[in-house]
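Visitor: sequence-free structure coming up:
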């Protein structure tokens, strides 16, 4: 489960950065909305998957709600999932 959660966290973080760093500027500055639709959909799916896997992972590890909230907030911040992976998940392997 740890490998799945770490992979999901990294993919969600990459999709978040692609969405805001590449496709949103293309949509708003260059009037090219198509990449934003594709990456936005992928990011939405990965975000939902990240939250579901975080819930299962925290429940499986019997972590307190505070740790889940930290992982959830990390998914809302740019580079947050990378930080959460390094601080909370990497040393568990």
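Guide: Structure received. It should be emphasised that the depicted structure is a prediction, and the values quoted were computed from it without experimental measurement.

Visitor: Okay, the residue most central in space within the chain and residue 30: tell me how far apart.
Guide: Computing the C-alpha centroid of the chain and ranking residues by Cα atoms, centre = their mean puts residue 12 first, at 3.1 Å. Distance of residue 12 to residue 30, computed by Cβ to Cβ, to the nearest Å: 25 Å. Every C-beta, even on glycine, is put in place using the N, C-alpha and C of the backbone.

Visitor: Contacts only, for residue 62.
Guide: Shown in contact with residue 62 (Cβ atoms under 8 Å, 6 or more residues apart in numbering): no residues.

Visitor: and whichever strand or helix holds the residue nearest to the centre of the chain, what other elements does it pack with?
Guide: Using DSSP states H and E, residue 12 sits within helix 2-18. Under the contact definition 3 or more Cβ pairs under 8 Å, 6 or more residues apart in numbering; DSSP states H and E, helix 2-18 sits against helix 34-61, helix 65-76, helix 80-84.

Visitor: How many residues are close by residue 28?
Guide: 11 (other Cβ atoms under 10 Å).

Visitor: just to revisit the earlier point, just name the most buried of the helices and strands packed on helix 2-18.
Guide: helix 80-84 (a mean of 21; mean count of other Cβ atoms under 10 Å).

Visitor: That'll do, ta.
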